[in-house]
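*Asks:* All I have is the shape, not the residue letters:
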C-alpha cells in the first residue's frame, strides 16, 4: 500500500531518516490490543510487538506505548509476517481522555488525526453534557471537531435536539445523520480526504460502527441492536482499530464508553466555550475566575441574560474538573518521584 494514502508525507520522511540508516521500516499502527499490535507498512500488514527498550521507557507512562494512529519504526522479522516496534515518531495530534477509576491517568484514544467525529444519538441516550466534554477533548487534541447527531430516524423532536446540540457545539460543525438510512453520511464522507485520518468517538450505542459501515460500503464493523427501553447496548468495538476506506482516507473506530471524562485541557476549554472566552477578554482582572469578581464581563452577561445559565454552569464545572486533574497529576508525579528515590536508595544500600 502507498503510505501516502495513510497520511505519510515529506515531513515524516525527514523525521524517519535516522531510522532508515538503521535498516528500519516505517509503519502505522492500525490495531492496538494490549501489548500486541497490527501495523501497516508499504508492503504488508504485520503482527508487531514492542521492543524491550520501548517497554522500559514506557514503564511509568502508558502514553509511551504505541497507540492506534502512531507512525512507528519497525524491524522486520525475516521470513515471518511479524515486526518489532523500535520507536514512535512524534505525534502531530493526540486525542486523550481520563481513564475511569484510575485517578489522574491519561488514556490516549488515537493519534495523528485530522478530524474527530463526536457522535451522539437523538434517542433516549441524548446527553449534551457528555457532548460538551467530547468537544473539549477534541479541541485539545489539535484535530478538527465535527459533531454528528445520529439516529435522527428515532427522534420525534429533531428540531429541539438539533438546536440543543448547536448551543453546546462551541462553533464546531454539526451534521445530522442516520446510519440506518444513509442520510447525512455523504456529508461525513466529504470531510475525509485521501490521506486524512478521522476518528469516531462517543458513548456506547450511539452508532459509530454503523456509520463507519456506511462509509465503507459494507458491514466490516460488528453492531448490535440497542435496547429500546433504555437506549443502551453492548460494547461492539472492543479495541481501537484503523480502517482504510475504499475512497481514500482512514477512520479509527473506538470502543463505546459508558462514561466520558476529559483529560487535562487548556486551549481546548477555551475553544469549546468561545462565548465565555470572548467575554473574558473584557474582564477587569486578567486572572478572573468569573465567580465573584467585580467588573467581570462574564457575570455581567450572565445577569443580563446574554450568556445562558446552563453554558455558564458547564464552564465552571469544566474548570473545576481541570483543576482537580492538575492537582491529581502533580500528586501522582510526586509519588512517582518518591517511589523512584526509594528504589534508587535501596539499590545503593545493596551495592554497599
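*Replies:* Structure received. The shown structure was predicted, so the numbers you read here are calculated from the model rather than taken from an experiment. Numbering: from 1, shown residues only.
*Asks:* quick one: residue 119 from residue 212, how far?
*Replies:* 10 Å (CB to CB, to the nearest Å). Using the backbone N, CA and C atoms, a C-beta is placed for each residue, glycine as well.
*Asks:* Between these two, which contacts overlap?
*Replies:* Counting by CB atoms under 8 Å, 6 or more residues apart in numbering, the shared contacts of residue 119 and residue 212 are residue 200.
*Asks:* So which residue is dead centre in this protein?
*Replies:* Centroid check for the chain by CA atoms, centre = their mean gives residue 95 as the closest residue, at 3.0 Å.
*Asks:* and that one, bridged to which residues?
*Replies:* residue 110 (DSSP bridges).
*Asks:* And the strands in this structure, which stretches?
*Replies:* With DSSP state E applied, the chain shows strands at 25-33, 36-40, 45-50, 71-76, 82-88, 94-98, 106-111, 115-121, 144-150, 173-176, 197-201, 241-244, 250-253, listed in chain order.
*Asks:* And the average pLDDT for the second one is what?
*Replies:* What it means is strand 36-40. In this model, strand 36-40 has an average pLDDT of 93.
*Asks:* outside of stretch 73-92, which residues touch it?
*Replies:* 12, 15-16, 19, 22-27, 37, 39, 41, 44-51, 53-54, 64, 66, 69-72, 111-112, 142.
*Asks:* which of the residues you listed count as buried?
*Replies:* 12, 16, 19, 24-27, 37, 39, 41, 46, 48-51, 54, 64, 66, 69-72, 111-112, 142 (16 or more other CB atoms under 10 Å).
*Asks:* Okay, now stretch 20-40: how far is its last residue from its first?
*Replies:* 17 Å (CA to CA, to the nearest Å).
*Asks:* change the start of the numbering to 68 and stick with it
*Replies:* All set: I'll call the first residue 68, so the last point we hit is now stretch 87-107.
*Asks:* How far off centre is that stretch?
*Replies:* 20 Å (CA atoms, centre = their mean, to the nearest Å).
*Asks:* Give me the residues contacting it.
*Replies:* 68, 70, 73-75, 79, 83, 86, 108-109, 112-117, 132-143, 150, 152-154, 306-309, 311.
*Asks:* quick revisit: and the residue nearest to the centre of the chain, what is it in contact with?
*Replies:* 175-178, 180, 183, 204-205, 208, 210, 266, 268.
*Asks:* re the thing from before, in CSV, list the strands of the chain along with distance to residue 363.
*Replies:* Listed next are the strands of the chain as CSV, based on distance: least, CB to CB, whole Å:
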stretch, distance to residue 363
strand 92-100, 45
strand 103-107, 50
strand 112-117, 50
strand 138-143, 45
strand 149-155, 44
strand 161-165, 29
strand 173-178, 32
strand 182-188, 30
strand 211-217, 28
strand 240-243, 30
strand 264-268, 34
strand 308-311, 46
strand 317-320, 41
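*Asks:* Of those, which shows the lowest average pLDDT?
*Replies:* strand 161-165 (a mean of 82).
*Asks:* Give me the distance between residue 223 and residue 352.
*Replies:* 47 Å.
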